[in-house]
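>>> Could you work out the structure for the sequence below:
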Amino acid sequence: MVRKYRRQTSRQDWSLEAMEGAVNAVIEGHMGSFRAARQFNVPQTTIERHVVKKRANPGYTVVKRLRPIDSVFTPEQELAERSNIKHPFNTAAKSVGRDLLNGLLARNPTLPIRKPEATSIARAVGFNRVAVDRFFDLLESQLDTFKFTGDRIFNCGETGLTVIPKGHTKVVALKGRQVGAVTSADFCDCRNLCFSVGVLRTTYVNLSSETNATSGGAWAEVQETGWMTKELFLTWFKKFIAFTGALKERPILLILDGHKRHTKNLELIDVARENGVVLLCLPPHCSHRLQPLDVAFMKPLSKFDKDEVRMWLRTHPGKVATLHQIASLFGKAFIHSLQCPQQ
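Numbers count the residues shown, from 1 in each chain. Okay, the predicted model is just below:
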């Protein structure tokens, strides 16, 4: 990178006084635009443009147009300029250059240029300090009351997986030719999966109506649409109780979102009370920031699942991945996600 940028052209490298003199000389008939350009050292086409404007409007004054960058000088920057404080701003154009941005990023390696994530207005408004503080106060009170240890705290979350990944890895190819990647179909057929992840233990349920094989430690439940329901979640919850060994004498904390299948499922609440499971719901529209599974687990899981699907398609030419393979592919991705160093 060039430390100090040097202009490659001399555009607008003239003074307002010289341009005013050249325009007036042409309008008053003392000389033509060609001679005025030579004498005043200004562009001829610029003189002719301003002459046309001034003849149409006698009150017109020549204005030197800045580059298509708005002025960013703030009162603080103006004060620094008046106080003779050294700064990297362009005082002539009153704008910020690329050198200032590059220098700022070099001095602050924790401030990378990032692509923002699309966030709904409900989540943007719902995720606030009051709601977050109330949740953590409630969490702290439950920890003090039941004395939960790390192996008795779980987080439950759901995600959808498919055998038709949306994105594809980049490849090296010749220019001018269309590059394609084989997929199992043109549309996405999604299946929901429910997880519960703790410090030392993990369990999940695959909700696919056509899967004929599951990974070790998993089981399948049937739902035609592939979406989670109250009945299916209750079935998963009973499996979760058996897996964790929850008892009233040894309670378990389960953190989950506030979906109606959780909060308005009276049978689920009764089963939780009978088996010593404390249900703690996240604040509305805050799971994208507060739920551990969404923050640290679902993204690598989705990535590894897509990688497994692509690998299967490459090692089985002429075949397509269907819901019959989703469980075995997901099992490999699940193990890779647990071993992901990002967690």
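
>>> in the host helix or strand of R314, what counts as buried?
Per DSSP states H and E, R314 falls inside helix 298-315. With burial defined by 16 or more other CB atoms under 10 Å, the residues of helix 298-315 counted as buried are 298, 300-310, 312-313. From N, CA and C alone the C-beta is placed, and that goes for glycine too.

>>> tell me which strands and helices that helix is in contact with?
Using 3 or more CB pairs under 8 Å, 6 or more residues apart in numbering; DSSP states H and E as the contact criterion, the secondary-structure elements in contact with helix 298-315 are strand 153-162, helix 326-338.

>>> Now the shortest one: buried residues?
Read that as strand 153-162. By neighbour count, with 16+ other CB under 10 Å as the criterion, the buried positions of strand 153-162 are 153-159, 161-162.

>>> again with the longest one
Within helix 326-338, the residues that qualify as buried by neighbour count (16+ other CB under 10 Å) are 326-327, 329-334, 336-337.

>>> Next one: S141 relative to G157, how far apart?
For S141, the distance to G157 under the criterion CB to CB, to the nearest Å works out to 23 Å.

>>> Please enumerate the helices of the stretch 101-250 of the chain.
Counting by DSSP state H, counting those that start in this stretch, the segments of the stretch 101-250 of the chain that form helices are 121-126, 129-146, 230-244.

>>> and the helix or strand following the last one, which strands flank it?
Per DSSP H and E, helix 230-244 leads on to strand 252-256 as the next helix or strand towards the C-terminus. Using DSSP bridges, the strands paired with strand 252-256 in its sheet are strand 153-162 (parallel), strand 277-281 (parallel).

>>> how near is the most centrally placed residue in the chain to T162?
Geometric centre of the chain, nearest residue: E117, 2.8 Å, by CA atoms, centre = their mean. Shown here: E117 relative to T162, a distance of 21 Å by CB to CB.

>>> Can you get me a residue count around V23?
Taking other CB atoms under 10 Å as the criterion, the count of residues near V23 is 26.

>>> want to throw the buried residues of strand 153-162 into TSV with distance to H288 and pLDDT?
Below are the buried residues of strand 153-162 laid out as TSV (distance: CB to CB, whole Å; pLDDT from 0 to 100):
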residue	distance to H288	pLDDT
I153	20	92
F154	19	91
N155	14	89
C156	16	85
G157	11	81
E158	14	81
T159	12	79
L161	18	75
T162	20	74
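
>>> Next, count neighbours for the residue nearest to V125 when sequence neighbours are not counted.
Distances taken as CB to CB, 6 or more residues apart in numbering put H285 closest to V125, at 7.5 Å, once the chain neighbours are dropped. H285: 20 surrounding residues under other CB under 10 Å.

>>> so who does H285 touch?
Contacts for H285 were tallied using CB atoms under 8 Å, 6 or more residues apart in numbering; they are 120, 122-123, 125-127.

>>> if we go to 10 Å?
The contact partners of H285, by CB atoms under 10 Å, 6 or more residues apart in numbering, come to 119-128, 131, 257-258.

>>> for these, which one is nearest T322?
Ranked by distance to T322 (CB to CB), the contacts of H285 are led by D257 at 30.2 Å.

>>> what's that closest one sitting at in phi/psi?
In terms of degrees, to the nearest 10, the main-chain angles of D257 are phi -80, psi 170.

>>> give the contact list for it.
Shown here is D257, whose contacts under the criterion CB under 10 Å, 6+ apart are 155-158, 263, 281-287, 290-291, 293-294.

>>> Touching, L280 and E140? I think so.
No: with contacts counted by CB atoms under 10 Å, L280 stays clear of E140, the gap being 11.0 Å.

>>> Counting neighbours, what do you get for L138?
Around L138 there are 13 other residues, counting by other CB under 10 Å.

>>> ok, it touching L279?
No: under the criterion of CB under 10 Å, L138 makes no contact with L279, lying 11.5 Å away.

>>> where are the low-confidence patches of the stretch 51-200 of the chain?
Scanning the stretch 51-200 of the chain with the threshold set as pLDDT under 70 gives 65-78, 80, 87-97, 165, 167-168, 182, 184-200.

>>> Format the strands paired with strand 252-256 as a markdown table; extra columns: distance to G318.
Compiled in a markdown table, the strands paired with strand 252-256 are given as follows (distance: least, CB to CB, whole Å):
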| stretch | distance to G318 |
| --- | --- |
| strand 153-162 | 21 |
| strand 277-281 | 48 |
